[in-house]
Every structure is written in C-alpha cells, then in structure tokens.
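Asks: mind folding the following:
(2 chains)
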2 protein chains.
Amino acid sequence: MSVTAAKGFTAAGIAAGIKQNGNPDLALVVNTGPRRAAAGVFTSNRVKAAPVLWSEQVLKGGEVSAVILNSGGANACTGPKGFQDTHATAEKVAEVLEGHSAGEVAVASTGLIGVLLPMDKLLPGIEQAAAELSPHGGEKAAIAIKTTDTVHKTSVVTKDGWTVGGMAKGAGMLAPGLATMLVVLTTDADLDAATLDKALRDATRQTFDRVDSDGCMSTNDTVLLLASGASELVPEYGEFAEAVRTVCDDLARQLIGDAEGASKDIRIEVVGAASEDDAVEVGRSIARNNLLKCAIHGEDPNWGRVLSAIGTTKAAFDPDRLNVAINGVWVCRNGSVGEDRDLVDMRYREVRITADLAAGATEPVVIWANDLTADYVHENSAYSS
Amino acid sequence: MSVTAAKGFTAAGIAAGIKQNGNPDLALVVNTGPRRAAAGVFTSNRVKAAPVLWSEQVLKGGEVSAVILNSGGANACTGPKGFQDTHATAEKVAEVLEGHSAGEVAVASTGLIGVLLPMDKLLPGIEQAAAELSPHGGEKAAIAIKTTDTVHKTSVVTKDGWTVGGMAKGAGMLAPGLATMLVVLTTDADLDAATLDKALRDATRQTFDRVDSDGCMSTNDTVLLLASGASELVPEYGEFAEAVRTVCDDLARQLIGDAEGASKDIRIEVVGAASEDDAVEVGRSIARNNLLKCAIHGEDPNWGRVLSAIGTTKAAFDPDRLNVAINGVWVCRNGSVGEDRDLVDMRYREVRITADLAAGATEPVVIWANDLTADYVHENSAYSS
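Replies: As a prediction, this is how the structure comes out:
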C-alpha cells in the first residue's frame, strides 16, 4: 500500500521509456487533501542534483501537492539545462493535474550522474501517470523508483484512525547524511508543516542517517513526508513521531537488506560512550572500514580491525578498556584478547558487532552497514558502461 | 642496498620461525656510529601496538643504536603481556650486541592484530640475526619485513659523499596518518636528532601521509630515520631534506604499486584549492570513495562519483565551477558534462584524476590511491583464518 495506505493520496507508477530496458521508471504521488502540509530532508552533499535544489525551494513553502519521481537518471551535475528540465517537469505535473501550482510539486530523480534526462519521454510519461492515478497505486509507484534495487520497499503503521505509510528506493551509495535514497512518506493525520518537519528530522537522524552501506554519499537523497489531513485526526506528537520513526526504521532496514552485492547485514551497536556524538562517530568509523567489511564477508571475527577503526576517531576512550563482542562473544576484553574467537558463529546474514567504549553511560547507538564483496565490486565497476 | 647503503650501518634478515611458512620474518639494523641520532614518526591511530608505544619512548631520547623488526605478528591489542614481550625483545637485542642499552633499541612489528608473538622463536632469532649482521645485509633485512608484500621495497639517494637509503613494507591498511608500513631510513650524514626529526616530518607529511590505498589506518605504522655520522659530512639542510623526501616518495610509490589486490594506481591531483588543507581533504575524500574505486577498476571514467566525493568535504568551492579531468580529458567542466568521456583511455595501470576546485591558487597536492577489486576482497576476507 505504501504511499496510498493513508487516506487522501493517489499514486501511479509507469514505464515512460527513461530506462532503456523498458522497466517502470516514473512515479507520481498526489495529495488530494484537504491539507497539503509537507516536510523534507535532503542530501548533505554539497554537490546537489537539480531536483534536490528545486525541491528544497518547494519545501520552504511547507506545502506539497504532488511528488514526481523518476529512476533511470539522476539529473545531477547537469548544469543550467538540468535545472530547466526539473522546472519543466514540475510545470508539466501542475498542468496535467489542474488547479495545482508548479511551486508545490516536488521532484526527485535517481540513476546515473552527469546525464541529461530524455524529456521527450519524461513529459508524455507524466500525462500517462496522471491518467493512471489511483488510491491503490502505491505499490506501482514503489516499483517505478527502483534502480539496482532487487525488491521494492514499502512500510505502513496504522494507529487509531490515522496512518503513516511510505516507499523507498536505494541499494548503493548508502551513507549517512543521508543514504542514497528516495523516500516518500504520507500520512492522513491533520498536522502542520512545522510538526511534520520536527517528526521527520527526529526520525531520519536516528534511522536513515545511521545506515552506511558503502560510505558513499549521494547527490540526490530526498526524504519527503506529506500530510493530507484526510483522517481529520490530530495525533499526539509523541505517538505520531514514533509512527514516523517506525516506518523510517523499517525502510532503512530494507535498504541495508538489499544493498548492492552484499552478503551480510552488519548491526553495529556502540555502548558505553561518553556522548551520542561519540557513539555515532565510532559506529560510522567501524561501518566504513573496508578491511573489517572484507573480514565479515569471509566470516572472520577479526576484532583487531574493529579496534583499529575505533582508534581513528576522536571519541573519548582508553584503548586498554575497550571491549568488543561479535555475535555475542566478547572476543576483545580490555583492549586485548578476550573469549575464544572460534566460539563466534557467523553463518547467518545478520552479524552483530558490539563496541563498548567503557567511557560513559550514553544510550546505545546502532549503525547498520554491509560487508564488502566481489559482487559489490563487480556491480559498481560496470554501472555506467 | 637499502638500510646499509649509507656508511655506519649493518643489517641482517633471517627466518626465526615466527611465520609458519618458514619465510624470513626478523630483521635487525644496527647503527655502528660514530653518531646514533634518530627521529621517528608513528601511527596517529589511538589504538597503538606495543612496539609503537615502546619505540615512541625510545625516540624521545633522540638516539637509536638498533632497530629490531618482525613480520608474522603485529603485537597489537595484546595487553600488558604484549608490552612485556616488546621490552624483552629490546633487552635481548641490547644483550647480544653488547655495549648497547635497551632504551636505545627501537622495536617494530607487523602482521595480525590480537595475537601474542612466539617469544620462544623470536629471542633465539635475535641471536641468529646478530651473528649475521653485515654491511651488505640491507637487502635481506628488507625481505624479512614483508607480509602480504609481493616485492621488497628499497630506495637510495647518494649525494656528494653522503647517502640516504631505506626499506619499507606495506601492502594493505594503507591510509593517511600514516599508511600501514614499517620504514627504516638510514644516513651517514652527521646530523643531530632535531634536524633529522624536522626533515623526517616534512617528508612523511608530503609522501607517506598522502598515500591512501584502502582508507584503513594501522596500529603499527613506524617510520624511523637513523644517522651514523660515518661520512663525517654535514649537508646543508635543504639538500638533506630533499634527499629524505625523495627516498620517502619513492618508497611510498612502491607501496601503492604493490597494494593488495589492486589493478590500478590512482594519482589524484587537486588544483585550484583555497588552501593546502582543502586540497588534502578533497584528495583523500576522492581516494576513499569505494564507488569511484570500483569504477576505476572497471575502466569507467565515472566523474560523477568524483564530484559526489568532493561534495562531502568542507573545502571551499562552488559546485558550478568544479572541473575534473581523467587521464587528461576534462570530462567535467563547470560542474557539468565536459569533453566526451569516450576519449578517456584507461587501459594502463596508472590513472590520473585532476580535480580543479577553481577556488584559489594553492600549489597542487597529489594523493595516491588504488582501485577496489575482487582480489582485494578475497585477500582480506581470508587474512586471519
């Protein structure tokens, strides 16, 4: 059900011909109201794709009536012509939907950087997508935004009379701030833009921003939350924020589970940190260590590489007090050899690393990562050719 | 000739049985004087191996009479027992050489983290190495410090009556500050410890610290410079520093050329930066981008990944003014599509990336990196098992 699980939304997903293989590549999500409040979070990469620059401006108004998303091309590093194309895309959506303004149409793109979009295919595709809009179109929309994703990703939480649902794409270039992803969340709760913004930022900080598949940050990351108000209910903030976070967490976990070429999902939990910032820094450093990622791929509980990664951070810790567990076995105690590494069972896809900094009592922080595999190398050495 | 090219040094390399495969694994370098001045640079990883902790203390005295180096075990994350073993190693060297003090014996180790060294093999090995010390032993010493290195690495510069020579090991865990490496440089110039220290720091900053094979920083990096004064010559500082830098640059280049599993050496030149710090930050970010490293492996001039990496830095630049050349072809101009990417010839091992930030007139900075390959994954997923 994805983006159409909440009342007040229609969606469509079609094949416009942007992808040369004929797969679906264009999704349209429309907020049918009565309210059109919205919030957005975008990549922190300073090289931003044209649709990100456009949508950032749109979101400043706090209202989004429609989101148009394409796969098959990122429209990043495409200069003034790329921005004109994004603008023309929003104009076309406003035109076919009638009664809408281009300034309330968010645009998102994903695919190869540095290539202009085939507007002769995209613009007619918008007409086709508009004609197919349906309150049951969420699944098709989720399918149309896939790139190297092997599965489409959706999630829904329903509470007393109101719903938060969403869709996501992303399988590579997944790193904090944000992971490479397009995400559209919808709700029929009756909330204003400021409340949506707070709930969305709180949620992404603890979910998408803690996913690090390959250390690479995209130019196109976009996470949108649209509220239709169609339930006519105003949930209590804490309950709403929790629902948004649950959906984001579920989608983030699906992104890691489908990461390019990965054979393991690595759950890195940092405990005993002096601060949340320290815990996040340490978790990310472990998540990005190529040698460790290779070791996990080989089912080798090589805890020395965990310590080596911790040692590159500025976090508070004493090297002689560090403890590391892999799948529950404390292979490193007090910075030195701990329990027998042969006790570690690494046969399953999920691998749990616990890093205890023994430096404080901060709540545990979890970062998700993937292993590094020959398949990852293969997929990414041939992507643009 | 490596460490024995300069007068006033003897060396040996033997198989002590630390490596299970019987390959050479223990090297001894002795400064026969008349002077014993020395300087050292060590890993900036906060998790430091026992021999690093020991040698840092030794170097504070500014005098080193001998260096004992072993492969086959890093003696890192080995707790108090590991430090006792390093101490016992230095004591043994002092004992067999006679007239030396353990406080002037530097120790360096390389190999797997988290395993104690077999002292029952290492200590007798020191006696054997001492018995084989020779003014022609430099080559054997260089061979004995290899781990996954496929070749041993040496370099020599001879000037008017004085010489700087050295040996290096390192094939993985190569990242700035420093790369994983053990390096011993020797000179017969008659210089004091302070002068050696300045020349060594200037050289490492611009050479070993600008090598980034896989983004991983070791616990054991050690670079030592020993002066015997045996030439009885005091070179002018600039000329001496230049000779040290030339040897370091040559050895650093050899490390990249022999990096684990690599099929390409990537020379990243950052020009037009507002400051040297900006240029280094941008160069390192490009060097560590796994997606780009995969693309280079696939001979795909995927410049979008270069821009995406630049965009994650804090360096001064305007995204719309960035230019990128790959092997001399300016595939990205003003942040957008430039010359035809099909013009880029990437068949050869060396690939040159030029990133022009168009933000200043800082001298170009060069960072060396490697591609990411299935062979790298394979080597590092099975290292400790």
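
Asks: only C-alpha atoms for contact and neighbour calcs from this point on.
Replies: OK.

Asks: name the nearest residue to A:Val30, ignoring sequence neighbours.
Replies: The shortest distance from A:Val30 to any non-neighbouring residue, by CA to CA, 6 or more residues apart in numbering or on different chains, is to A:Ala66 (4.3 Å).

Asks: quick check on the one you found: phi, psi?
Replies: phi -160, psi 150 (degrees, to the nearest 10).

Asks: hang on, it packs against A:Glu104?
Replies: Yes: under the criterion of CA atoms under 8 Å, A:Ala66 makes contact with A:Glu104 at 6.9 Å.

Asks: distance of A:Thr4 from B:Val377?
Replies: 42 Å (CA to CA, to the nearest Å).

Asks: so which of these two has more stuff around it?
Replies: Per other CA atoms under 10 Å in any protein chain shown, whichever of A:Thr4 and B:Val377 has more neighbours is A:Thr4, with 31 against 26.

Asks: what's the more buried one in contact with, if anything?
Replies: A:10-11, A:135-138, A:165, A:186 (CA atoms under 8 Å, 6 or more residues apart in numbering or on different chains).

Asks: mind checking how far it is from A:Glu242?
Replies: Using CA to CA, we find A:Thr4 at a distance of 20 Å from A:Glu242.

Asks: got it, and A:Ala144?
Replies: For A:Ala144, the distance to A:Glu242 - CA to CA - is 28 Å.

Asks: give me the more crowded residue out of those two.
Replies: Neighbour tally, A:Ala144 and A:Glu242, criterion other CA under 10 Å: the higher count belongs to A:Ala144, 25 against 15.

Asks: check that one and give its pLDDT.
Replies: A:Ala144 carries a pLDDT value of 94.

Asks: quick one: it and A:Ala16 touch, right?
Replies: No: A:Ala144 is beyond contact range of A:Ala16, at 9.8 Å (criterion: CA under 8 Å).

Asks: find residues that contact each of these two.
Replies: Counting by CA under 8 Å, 6+ apart, the contacts common to A:Ala144 and A:Ala16 are A:24-26.

Asks: okay if I get those residues as a markdown table plus pLDDT?
Replies: Output for the shared contacts of A:Ala144 and A:Ala16, formatted as a markdown table (pLDDT from 0 to 100):
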| residue | pLDDT |
| --- | --- |
| A:Pro24 | 95 |
| A:Asp25 | 95 |
| A:Leu26 | 96 |
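
Asks: need those residues in CSV with distance to B:Asp197, neighbour count and secondary structure, can you?
Replies: As requested, the shared contacts of A:Ala144 and A:Ala16 are exported to CSV (distance: CA to CA, whole Å; neighbours: other CA atoms under 10 Å in any protein chain shown; DSSP: H, G, I helix; E, B strand; the rest coil):
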residue, distance to B:Asp197, neighbour count, secondary structure
A:Pro24, 63, 24, coil
A:Asp25, 60, 30, coil
A:Leu26, 61, 31, strand
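
Asks: if we look at chain B, which of the residues you listed are close to it?
Replies: Here nothing survives when the shared contacts of A:Ala144 and A:Ala16 are matched to chain B using CA under 8 Å from any CA of the partner chain.

Asks: now do the one helix or strand A:Ile353 maps to: distance to the chain's middle.
Replies: Assigned by DSSP states H and E, A:Ile353 belongs to strand A:350-356. Strand A:350-356 sits 22 Å away from the centroid of its parent chain (CA atoms, centre = their mean, to the nearest Å).

Asks: also stretch A:41-56?
Replies: Computed by CA atoms, centre = their mean, the chain-centroid distance of stretch A:41-56 equals 14 Å.

Asks: average pLDDT for that stretch, rounded please.
Replies: Stretch A:41-56 shows a mean pLDDT of 87.

Asks: contact partners of it?
Replies: Here stretch A:41-56 has contacts from A:40, A:74-78, A:82-83, A:86-87, A:105-109, A:177-179, A:200-201, A:217-224, B:307-308, B:310-313, B:319, using CA under 8 Å, 6+ apart.

Asks: which non-adjacent residue is nearest A:Asp190?
Replies: Counting by CA to CA, 6+ apart, the residue nearest A:Asp190 is A:Gly229, at 3.7 Å.

Asks: likewise for A:Tyr348?
Replies: What sits nearest to A:Tyr348 in space, not counting adjacent residues and going by CA to CA, 6+ apart, is A:Lys264, at 7.7 Å.

Asks: and what about A:Gly40, helix, strand or coil?
Replies: Three-state call for A:Gly40 (DSSP: H, G, I helix; E, B strand; the rest coil): strand.

Asks: what sits against it?
Replies: A:56, A:59, A:197, A:200, A:222-225.

Asks: and it, how far is that from A:Val223?
Replies: Plainly put, A:Gly40 is 6 Å away from A:Val223 if you go by CA to CA.

Asks: from the contact counts, what lies against the helix or strand where A:Thr154 lies?
Replies: Assigning secondary structure by DSSP H and E places A:Thr154 in strand A:153-158. Packed against strand A:153-158 by the contact rule (3 or more CA pairs under 8 Å, 6 or more residues apart in numbering or on different chains; DSSP states H and E) you find helix A:138-144, strand A:163-169, helix A:237-257.

Asks: winner for burial among the ones you listed?
Replies: Most buried of these, by mean neighbour count (mean count of other CA atoms under 10 Å in any protein chain shown): strand A:163-169, with a mean of 28.

Asks: after it, next one along is what?
Replies: According to DSSP H and E, the helix or strand after strand A:163-169 is strand A:182-187.

Asks: for A:Met1, which residues are in contact?
Replies: Listed by CA under 8 Å, 6+ apart, the contact partners of A:Met1 are A:136-139, A:154-156, A:165.

Asks: hmm, try it at 6 Å
Replies: Contact analysis of A:Met1 by CA atoms under 6 Å, 6 or more residues apart in numbering or on different chains lists A:138-139.

Asks: can you count the residues close to the residue in the stretch 101-250 of chain A that chain B sits nearest to?
Replies: Relative to chain B, the nearest point of the stretch 101-250 of chain A is A:Ile113 (5.1 Å; CA to the nearest CA). By the measure other CA under 10 Å, the count of residues near A:Ile113 is 25.

Asks: verify the stated contact: it with B:Gly304.
Replies: Yes: using CA atoms under 6 Å, A:Ile113 is in contact with B:Gly304, at 5.1 Å.

Asks: hey, what's in contact with both of the two?
Replies: The contact lists of A:Ile113 and B:Gly304 share no entry, where a contact means CA under 6 Å, 6+ apart.

Asks: coming back round to it: let me have the contacts of A:Gly40 in JSON lines, extended by secondary structure and distance to A:Val351.
Replies: Below are the contacts of A:Gly40 laid out as JSON lines (DSSP: H, G, I helix; E, B strand; the rest coil; distance: CA to CA, whole Å):
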{"residue": "A:Glu56", "secondary structure": "helix", "distance to A:Val351": "37"}
{"residue": "A:Leu59", "secondary structure": "helix", "distance to A:Val351": "38"}
{"residue": "A:Asp197", "secondary structure": "helix", "distance to A:Val351": "33"}
{"residue": "A:Leu200", "secondary structure": "helix", "distance to A:Val351": "28"}
{"residue": "A:Thr222", "secondary structure": "strand", "distance to A:Val351": "29"}
{"residue": "A:Val223", "secondary structure": "strand", "distance to A:Val351": "28"}
{"residue": "A:Leu224", "secondary structure": "strand", "distance to A:Val351": "31"}
{"residue": "A:Leu225", "secondary structure": "strand", "distance to A:Val351": "32"}
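
Asks: quick one: strands adjacent to the helix or strand bottoming out on mean pLDDT in chain A?
Replies: Taking mean pLDDT, DSSP states H and E as the measure, the helix or strand of chain A with the lowest value is strand A:211-212, at a mean of 75. Strands that pair with strand A:211-212, judged by DSSP bridges, come out as strand A:365-370 (parallel).

Asks: who does the helix or strand just after the strand it pairs with touch, helix- and strand-wise?
Replies: Following strand A:365-370 in sequence order, the next helix or strand is helix A:374-381 (DSSP H and E). Packed against helix A:374-381 by the contact rule (3 or more CA pairs under 6 Å, 6 or more residues apart in numbering or on different chains; DSSP states H and E) you find helix B:290-297.
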